[in-house]
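K.L.:
For reference, the sequence and a predicted model appear below.
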Amino acid sequence: MTQLALPSAILCAVLAVAMLAGFGCVQASPSPTLTPYPDTPATYPPSPPPRPSATAVGIAGTPQPALPGAPWAWGRNENGQLGRGTIVNSPSPEPVVGLANIVGVAGGNAFSLGLESDGTVWAWGLNRSGQLGDATTTDRSRAVRVNTTQAMSLVAAGAEHSLAVGTDGTVWAWGGNGGGALGTGSSANSSTPVQVSGVSEVTGVAGGYNHSLAVTREGLVWAWGSNASGQLGDGSTAANRRPVQVPSLRDVKMVAASADHSLALATDGTVWAWGENDAGQLGNGTMTPSLVPDRIAGLERVVQIAAGYRHNLALLDDGTVWAWGANDSGQLGTGTTDPSLTPVQVAGLANVVAIAAGLEHSLAVSADGRVWAWGSNSSFQLGGDTVRLRTNAAPVRGVEGARTVAAGQFHSLATR
């Protein structure tokens, strides 16, 4: 799963995975076999009533005017991750019911997070591991408030766990705790936010399958959770239920996490990668995993990064987007389905200001507020129902004035 910040903070990508999905295993080692992110059994308990003046609509309904600052959502919706009060998939971007003044969104495995301008966090969708943070494990098709009084400045989603940075630089985690992804020292899930001890002055976080990352104001990176592929970057494959420092990284300003690999963006615009590399997701021209961060050669002047399941994106300061790794569904945006072990430019994109990566789809926002999508469209996550996949970036109809994007496993989100 992506992470997003209040206007006063630097945007930080997370999901990725986002983007990453199905992270429900509780064993630290070995890590579970991903098929990629298995579908989850859907249960649909009654949803809480919507907030005043909001009306839930189905795919064939007539949408009501969005509340100011309501985010858009589209794609798969079997657990209510689109936040419309229904469980119907949608190829059309529509506002999340009842939310206003949302400045950041994040997508995980069939659930979503929203950050309100006052620091309140909202969540909706799958909740079997407590990742919605409302003190239950009940799925929600409408947004519910995360059960905390701490004002947050950033949110990020792993597969089935959630992360947030407090306005005071603390890190909070809730949901599934497979491998120790919550950083609490235990193996127990938590349906309400708990503070991650041992890290402070944090400016960015990212969630992977069963691991988490944080970057501090000093530019140091901390990691915790599963580590069977070396995704913690500490030179070992031992899981850690408490944060450990990634020893070789300095001057980092952004982190991103995927299933079993991790990325870091340094202040000098270089990108570092470590962990699993079975599809070339480390971008070093090989398919050999790495237990420590390795610089991606030839990738410079990067201002934002995003990690998908087995592919990654980088946004350069000239507004171009580069991609590498798996490309089964065209998620690299090169016009083919050929994978790439090194970064290649996404065709046809210019003046991009934000990016996100899902399981096998990718998103971008251009300076004119349009959202672009490419890759898998198996659940309408590209915003249209006419193609199974798209190997070139194309605009998402129905979205105007977007500022940021986030990608879940099979769904997409954008803020206005």
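P.N.:
Perfect, thanks for sending it.
K.L.:
use CA for all of it now, contacts and neighbours both
P.N.:
Fine.
K.L.:
now the strands: where do they sit in the stretch 101-250 of the chain?
P.N.:
Secondary structure of the stretch 101-250 of the chain by DSSP state E, counting those that start in this stretch: the strands cover 102-107, 111-116, 121-125, 140-145, 152-157, 161-166, 171-175, 190-195, 202-207, 211-216, 221-225, 240-245.
K.L.:
and of those, who's closest to residue 406?
P.N.:
Closest of the strands of the stretch 101-250 of the chain to residue 406 is strand 102-107, at 5.2 Å (criterion: Cα to Cα).
K.L.:
Go through the closest one and flag the buried ones.
P.N.:
The neighbour-count check on strand 102-107 (16 or more other Cα atoms under 10 Å) flags 102-107 as buried.
K.L.:
Run me through the strand neighbours of it, direction for each.
P.N.:
Counting by DSSP bridges, the strands paired with strand 102-107 are strand 111-116 (antiparallel).
K.L.:
Just the residues contacting the partner strand, thanks.
P.N.:
With Cα atoms under 8 Å, 6 or more residues apart in numbering as the test, strand 111-116 has contacts from 4-6, 79-82, 100-107, 121-127, 131-132, 152-157, 408.
K.L.:
can you rerun that using 6 Å?
P.N.:
Outside of strand 111-116, the residues within contact range by Cα atoms under 6 Å, 6 or more residues apart in numbering are 81, 101-106, 121-126.
K.L.:
cool, stretch 371-390 as well?
P.N.:
Outside stretch 371-390, the residues that touch it by Cα under 6 Å, 6+ apart are 75-76, 91-92, 329-331, 360-365, 391-396, 410-412.
K.L.:
Show me just the buried residues among the residues you listed.
P.N.:
Neighbour counting with 16+ other Cα under 10 Å marks 75-76, 91-92, 329-331, 360-365, 391-396, 410-412 as buried within the contacts of stretch 371-390.
K.L.:
Can you give me the separation between residue 248 and residue 300?
P.N.:
Separation of residue 248 from residue 300 (Cα to Cα, to the nearest Å): 19 Å.
K.L.:
Show me which of those two is the more surrounded one.
P.N.:
residue 300 (17 against 13; other Cα atoms under 10 Å).
K.L.:
Pop out the phi and psi values for that one.
P.N.:
Main-chain dihedrals, residue 300, degrees, to the nearest 10: phi -140, psi 170.
K.L.:
Might you report the residue contacts of it?
P.N.:
Counting by Cα under 6 Å, 6+ apart, residue 300 has contacts 269-270.
K.L.:
Equivalent analysis for the one 10 residues further on, please.
P.N.:
For residue 310, the contact set (Cα under 6 Å, 6+ apart) comprises 281, 325-326.
K.L.:
try it again with 8 Å
P.N.:
258-259, 279-281, 325-326, 359-360.
K.L.:
Quick check: the gap between it and residue 262.
P.N.:
Using Cα to Cα, one gets 11 Å for the distance from residue 310 to residue 262.
K.L.:
Please, where are all the helices along the stretch 301-416 of the chain?
P.N.:
Counting by DSSP state H, counting those that start in this stretch, the stretch 301-416 of the chain has no helices to list.
K.L.:
Point out where it drops to low pLDDT.
P.N.:
Nowhere does the stretch 301-416 of the chain drop to pLDDT under 70.
K.L.:
So which helix or strand of the chain has the lowest pLDDT on average?
P.N.:
Least confident helix or strand, the chain: strand 4-5 with a mean of 44, by mean pLDDT, DSSP states H and E.
K.L.:
Starting from it, tell me the next helix or strand along the chain.
P.N.:
On the C-terminal side of strand 4-5, the nearest following helix or strand under DSSP states H and E is strand 72-75.
K.L.:
what lines up beside that next one in the sheet?
P.N.:
Next to strand 72-75 in the sheet, as set by DSSP bridges, lie strand 90-95 (antiparallel), strand 411-415 (antiparallel).
K.L.:
Surely residue 154 and residue 169 touch.
P.N.:
No - if you go by Cα atoms under 8 Å, residue 154 and residue 169 don't touch, sitting 9.8 Å apart.
K.L.:
Just want to know which of those two has more residues nearby.
P.N.:
residue 154 (33 against 19).
K.L.:
tell me the contacts of the nearest residue to residue 251 once chain neighbours are set aside?
P.N.:
Distances taken as Cα to Cα, 6 or more residues apart in numbering place residue 219 nearest to residue 251, at 4.2 Å, with adjacent residues excluded. Going by Cα under 8 Å, 6+ apart, residue 219 touches 250-253.
K.L.:
For my notes, please list the contacts of residue 310 in a markdown table and give distance to residue 215 for each entry.
P.N.:
Shown next, in a markdown table, are those (distance: Cα to Cα, whole Å):
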| residue | distance to residue 215 |
| --- | --- |
| 258 | 16 |
| 259 | 19 |
| 279 | 26 |
| 280 | 24 |
| 281 | 21 |
| 325 | 24 |
| 326 | 26 |
| 359 | 24 |
| 360 | 26 |
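K.L.:
top of these by neighbour count?
P.N.:
Busiest of those [other Cα under 10 Å] is residue 258, holding 40 neighbours.
K.L.:
Show the pLDDT at that one.
P.N.:
Here the pLDDT value assigned to residue 258 is 93.
K.L.:
Go ahead and confirm residue 83 touches residue 126.
P.N.:
No - applying Cα under 8 Å, one finds residue 83 not in contact with residue 126, separated by 10.8 Å.
K.L.:
count of residues packed around the nearest residue to residue 170 once chain neighbours are set aside?
P.N.:
With sequence-adjacent residues excluded and distances taken as Cα to Cα, 6+ apart, residue 170 is closest to residue 200, at 5.3 Å. By the measure other Cα under 10 Å, the count of residues near residue 200 is 17.
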